[in-house]
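[1] structure of the sequence below:
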Amino acid sequence: MDHRSPQSVHKAASTTGPAAHAGQGMEDWVLLRGLTRASAHWGGFIAELEVCLLARVIALDLPGNGTLWQQRSPSSVAGMVQHCREQLRQQGIHHPVGVLAMSLGGMVAAEWAWRHPSEVRSLVLVNTSMRPFSPFWQRLRPVAMVRLLAARVLRADAATLEQEILRLTTRHPRHGVLQSWCDESTRHPVSGINTLRQLLAAARYRAPLQAPAMPTLVLSGAGDRLVSPQCSRAVAQHWKVPLHMHGTAGHDLTLDAGPWVAEQVRQFIASTTP
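    Here you go, the predicted model:
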């Protein structure tokens, strides 16, 4: 697995790979992570997706996470949407993009698609959960919530915190991932108050009953210990959109089964493109 930062991975891919042709008919895809997670946690998936889709991939950080760790996290999903839109504008991107988002990022992506449908070309939601489709005890398993809150709020050391997150979110951990996550936690520590504000935003968010206007795909891991796979199933059923489930992967689906996710997205695009 490539453990360089997403920025360095993207830079390398841009000079020789598919991203070198961005602006010449290539599509842009935006990636959004979940609760307290950063663009660095995508690891090698950015390059995997770029190669599979022949597209440029842009990984954004939510305020309070990653490179934006010193900013205050919005306490609403709508506030996170607005910040993501501003980041794209600052990068000179004004055309519709595909959005692949995980967990809390999935709520942000869904709200983005609902509020500004002309800005989102395609939507892929990974292991997400939303009111009113699922009860709270499925959206974040109680035992997992207690463990994560205790580690965050009580300021556990980086190794202890990241080991707990790895245990809860992955079923097929790769060599070297824990160390890269510890390094990221040391560089960009997420504060306890920002953790609570992100949890509040997720708890308060209520998804629209009507499906987004653009093609939408839901992906899930059957081995998810953090969020019940039933949550993804409920979203797909209520919105009447396709659901593809990996038989063994956990919550961090792109880490456990990155090539599988990339291929599902490729087939999805092929099936929805005229």
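[2] any regions of the stretch 151-274 of the chain where pLDDT drops low?
    151-156 (pLDDT under 70).
[3] would you map the strands across it?
    216-221, 243-246 (DSSP state E, counting those that start in this stretch).
[4] hmm, who's touching the last one?
    In other words, strand 243-246. 217-222, 229, 232-233, 236-237, 253, 256-257, 260, 264 (CB atoms under 8 Å, 6 or more residues apart in numbering). All C-beta atoms are positioned from the backbone trio N, CA, C, and that covers glycine.
[5] also the first one?
    For strand 216-221, the external contacting residues (CB under 8 Å, 6+ apart) are 113, 122-128, 171, 229, 232-233, 235-236, 239, 241-246, 248-251, 253, 256-257, 261, 264-265, 268.
[6] buried ones from those, can you make that a ChimeraX selection?
    In ChimeraX, this line selects whichever of these come out buried by 16 or more other CB atoms under 10 Å:
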select :113,122,123,124,125,126,127,128,171,229,232,233,235,236,239,241,243,244,245,246,249,250,251,253,256,257,261,264,265,268
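[7] can the strands of the stretch 151-274 of the chain go into CSV with extra columns for distance to Trp69?
    Shown next, in CSV, are the strands of the stretch 151-274 of the chain (distance: least, CB to CB, whole Å):
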stretch, distance to Trp69
strand 216-221, 27
strand 243-246, 30
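[8] tell me which of the ones you listed lies nearest to Leu104.
    For the strands of the stretch 151-274 of the chain, the distance to Leu104 is smallest for strand 216-221, at 15.2 Å, taking CB to CB.
[9] which parts of that closest one are buried?
    Quick answer for strand 216-221 (16+ other CB under 10 Å): Thr216, Leu217, Val218, Leu219, Ser220, Gly221.
[10] list the contacts of Cys182.
    Cys182 makes contact with Ala158, Ala159, Glu162, according to CB under 8 Å, 6+ apart.
[11] what about those, which are in helices?
    Among the contacts of Cys182, the residues falling in helices (DSSP state H) are Ala158, Ala159, Glu162.
[12] so the last one sits against Asp183, correct?
    No. Taking contact to mean CB atoms under 8 Å, the distance of 9.4 Å between Glu162 and Asp183 leaves them out of contact.
[13] who's more crowded, the two?
    The neighbour count for Glu162 versus Asp183, taken as other CB atoms under 10 Å, is higher for Glu162 (22 against 15).
[14] check contacts around the residue nearest to that one when sequence neighbours are not counted.
    Among residues not flanking Glu162 along the chain, Trp181 sits closest, at 4.3 Å (CB to CB, 6 or more residues apart in numbering). Applying CB under 8 Å, 6+ apart to Trp181 gives the contacts His41, Glu162, Ile165, Leu166.
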